[in-house]
Structure formats: C-alpha cells, structure tokens
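# Turn this into a structure:
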Amino acid sequence: MTPVRTEEQGRVLLVTIDRPEVRNAIDTATAKGIAAALTELDERDDLSVGVLTGAGKGFCAGMDLKAFLAGERPSVPGRGFAGIVERPPDKPLIAAVEGFAVAGGFEIALACDLVVAAEDATFGLPEVRRGLLPGGGGLLRLPTRVPYALALEWILTGRRVTAREAHAAGLVNRLTPTGTALAAALELAQQIARNAPLAVRAAKRIVVESGGWPAEEAFARQQEIYEPVRSSQDAVEGARAFTEKRDPDWRGV
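You can find the predicted model right below:
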C-alpha cells in the first residue's frame, strides 16, 4: 500500500498521508510521496489548490523514529523534511487537521498556506522537551503566523496548544466540529478553485515573497508578477463574464 494517496476533486487535489498505524509519521517513502503529489499539483494546469490531511485519528506525529533509527532520512532534496517544509507548492495548500499535528507534523501544517482544524485537535513543538529543536521550519514560520510572544511561549515550553487557542491566535482559519475538518477544508479549497488560476497562483507568490522585498522595490517587483496576469486571456474573460452576468470560463492563459 502506498503511504500517500491522492484524489482529484475538480480542480482540487486531495493528498492523504495514509499511515494511521504509526500516527501518520513520516518515513522516506512518505516524504517522497508528498513531494510527488506537490509536484503534480504545481505542474498540472487543471489543478488549482491542494488539501493535505492524515488518515485515521490524526494529522501527523512527525518523523518516524523507528525508520530514522534504521538509517532513513525522511526528506527529499530540494523540498526537505516530509517533501514539503523547505519548498511548499507554488499553488495554495490547505492543511485539514484532526486529532494532532505535533513536532514535524506541526511543521508540515505550518508549511501549508491555510489551516482548517477540528475543535479537539492539538498542535505542538515538543522538541525542547527531548533536547532537540524543531528543525523543519517551526522556528522560522510560527513567529510569522501568530504573535511573537505566543510563538516563543509555545516553542520554549513545548506544550500542546488546542485548536481553539490556535484559532484565537490566527493560525487556524476555520474551526470545525470533530470529524469535519476535511470536509470544511475541501469546501474552502473549492471556493479558491473557482477563481482564476493564474491570479490565485500569482497572488500567493506575491504574499509569500514580498516579506523580503526592500520597501523601495516592492511595487516594481509586484508589477513584474502582476502584469502577465493583467495581460492574460483570463483577465479579459473575468471582465467579460462580469459584464455578461455569467460564471467565467477560466483557461489558465
């Protein structure tokens, strides 16, 4: 059985980590499976959004320690741990979290653009309790997703954070009843997928990259990404569909 399953739902690609017997822990095969799915998402013009989730009772417990002790390195060159943390996809990716997203599992969720979580889900970076550090992007991304003081508290204590806390801090976009996080994430993904694919991809790129742009260059750099979208056939189709009061027929060009 493959450790990562994919399923297409219109323009949405659902990616499922399917190792519930080990709490969806990441070994090398799983990392390669996630990387392959994200590459497919980016390369296919008929896909606009991805949803990443875990099978069974939880999202992901992080690295598979038994596989690690056996000599495996659950990372992919160019993409890093779990095939995602160093280079997430160019297209939007939503994490659908039930149960738990801890250690490397939390770092995978942080590599996603949006998070939908069940009310009883928990998040955590417990590495300091084990004499380690979160090396999969947790130290880099968490302070950009929640207030600095909260991020530092969660990192330095290593405690579990409830989904309600994460939602109140702005990390979780949507909080759902237990068992419905995936359905809500797919609904959110379909909302995004109904929009122009070129515009969606370019919008994410600007948001992700602009944090490192010098202020005096920001608008010029934005224009470089924006102009091809403005000049696209989809931009004309969007305006025409609006004036004709109909749904647009996006072509991705």
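
# Spit out the contact partners of residue 5.
15-16, 18, 55 (C-beta atoms under 8 Å, 6 or more residues apart in numbering). Bear in mind the C-beta positions are built from the backbone N, C-alpha and C, glycine included.

# again, only using 7 Å
By C-beta atoms under 7 Å, 6 or more residues apart in numbering, the contact list for residue 5 reads 16, 18.

# Check residue 143 too.
The contact partners of residue 143, by C-beta under 7 Å, 6+ apart, come to residue 151.

# what's it sitting at in phi/psi?
As for residue 143, its main-chain torsions (degrees, to the nearest 10) stand at phi -70, psi -10.

# Residue 78 too?
Torsion angles, degrees, to the nearest 10, at residue 78: phi 90, psi -20.

# Tally up the residues packed near the residue lying closest to it once chain neighbours are set aside, please.
In this structure, residue 78 finds its nearest non-sequential neighbour in residue 87, 6.0 Å apart by C-beta to C-beta, 6 or more residues apart in numbering. Applying other C-beta atoms under 10 Å, we find 14 residues neighbouring residue 87.

# Residue 87 contacts residue 79, correct?
Yes. Judged on C-beta atoms under 7 Å, residue 87 makes contact with residue 79 at a distance of 4.8 Å.

# Could I get the buried residue list for the least confident helix or strand in the chain by mean pLDDT?
Lowest on mean pLDDT, DSSP states H and E among the helices and strands of the chain sits helix 65-69, with a mean of 90. Within helix 65-69, the residues that count as buried by 16 or more other C-beta atoms under 10 Å are residue 67.

# which residues sit against it?
Contacts of helix 65-69 from elsewhere in the structure, counted by C-beta under 7 Å, 6+ apart, are 27-28, 74.

# As a markdown table, the residues you listed with neighbour count would be great.
As requested, the contacts of helix 65-69 are arranged in a markdown table below (neighbours: other C-beta atoms under 10 Å):
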| residue | neighbour count |
| --- | --- |
| 27 | 22 |
| 28 | 19 |
| 74 | 24 |
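
# With secondary structure, pLDDT and distance to residue 246 added, can I get the residues you listed in a markdown table?
Converted to a markdown table, the contacts of helix 65-69 look like this (DSSP: H, G, I helix; E, B strand; the rest coil; pLDDT from 0 to 100; distance: C-beta to C-beta, whole Å):
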| residue | secondary structure | pLDDT | distance to residue 246 |
| --- | --- | --- | --- |
| 27 | coil | 96 | 49 |
| 28 | helix | 96 | 49 |
| 74 | coil | 95 | 48 |
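
# ok, these vs residue 95, which is closest?
Ranking those by separation from residue 95, with C-beta to C-beta as the measure, puts residue 74 on top at 18.0 Å.

# correct me, but the closest one touches residue 26?
Yes. With contact defined as C-beta under 7 Å, residue 74 counts as touching residue 26 (4.5 Å).

# Common neighbours of these two, please.
Overlap of the contact sets of residue 74 and residue 26 (by C-beta under 7 Å, 6+ apart) consists of 63-64, 82.

# most neighbours, which of those?
Most surrounded of these: other C-beta under 10 Å gives residue 82, at 30 neighbours.

# any idea where the helices of this protein begin and end?
The residue ranges that make up the helices of the chain, judged by DSSP state H, are 28-43, 65-69, 104-111, 138-145, 148-157, 163-168, 181-193, 197-209, 218-230, 233-243.

# average pLDDT across the third one?
Going back to what we said before, that points to helix 104-111. The average of the pLDDT scores along helix 104-111 is 98.

# Could you shift the numbering so residue one becomes 41, and keep it that way?
In the new count, where the first residue is 41, that last one comes out as helix 144-151.

# Can you dump the C-alpha atoms of it in PDB for me?
What follows is helix 144-151 as a C-alpha-only set of coordinates in PDB (Å, rounded to 0.1, in the frame of the first residue of the first chain):
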ATOM      1  CA  GLY A 144       7.300  17.600  12.400                       C
ATOM      2  CA  GLY A 145       3.600  17.200  11.900                       C
ATOM      3  CA  PHE A 146       3.000  20.700  13.100                       C
ATOM      4  CA  GLU A 147       5.800  21.900  10.900                       C
ATOM      5  CA  ILE A 148       4.100  20.300   7.900                       C
ATOM      6  CA  ALA A 149       0.900  22.200   8.800                       C
ATOM      7  CA  LEU A 150       2.900  25.400   9.100                       C
ATOM      8  CA  ALA A 151       4.300  24.800   5.600                       C
END
